[in-house]
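Asker: Here is my input, please return the structure:
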Amino acid sequence: MQGSPDPSRHRILVVEDEPMVLELITTRLQLAGYQTFYARDGYEGLARLNEVRPNAMILDINMPRLDGFDVLRKMRENGQILRVPVMVLTARNQADDVQTAIRLGARDFLSKPFNDDQVLARVARLVRRAPARPKPPAKPPSVLEL
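Answerer: Residues are numbered from 1 along each chain as shown. Okay, the predicted model is just below:
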């Protein structure tokens, strides 16, 4: 079994609109050695995703302009969900919310309020896992097969 990942080699994008929560998460990740980047809404998060090329993302659901579900949908449409593992961290914790987030491609779901150690353990698990590999496209039938 491999050792734990070196946090200093991992970039984490935190997409969160609540300033206190954003500061708490980014500070805790920085203290653990991660490189942190942030965005305060879904649109900014998608733009930062392309700039930063993070190893993982922590994503809130309730945000202005573009919510976390829409961010997941956009990431799914353009294939980024296969390259960047996402943990949803939100005050919404209904079963439907969890199912929707997972169906849209989130790899993990954690409800607020949260424990710092839980966040760190789950982020470590996200960056330790290899990104999912897309399935190869189905081979079109050749003329001879028709």
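Asker: can we go C-alpha only for contacts and neighbour counts from here?
Answerer: OK.
Asker: Can you pull the phi/psi pair for the residue positioned nearest the centre of the chain?
Answerer: Nearest to the geometric centre of the chain sits residue 86, at 1.9 Å (CA atoms, centre = their mean). When read as degrees, to the nearest 10, the backbone of residue 86 gives phi -120, psi 130.
Asker: quick one: low-confidence ranges for the chain?
Answerer: Across the chain, the ranges flagged by pLDDT under 70 are 1-8, 130-146.
Asker: now the strands for it?
Answerer: 11-15, 35-39, 56-59, 86-90, 108-111 (DSSP state E).
Asker: Just put those strands in JSON lines and tack on distance to residue 74.
Answerer: Output for these, formatted as JSON lines (distance: least, CA to CA, whole Å):
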{"stretch": "strand 11-15", "distance to residue 74": "14"}
{"stretch": "strand 35-39", "distance to residue 74": "16"}
{"stretch": "strand 56-59", "distance to residue 74": "13"}
{"stretch": "strand 86-90", "distance to residue 74": "13"}
{"stretch": "strand 108-111", "distance to residue 74": "18"}
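Asker: Out of these, flag the one nearest residue 76.
Answerer: Closest approach to residue 76 among those (CA to CA): strand 86-90, 11.2 Å.
Asker: strands paired with the closest one, and their directions?
Answerer: strand 56-59 (parallel), strand 108-111 (parallel) (DSSP bridges).
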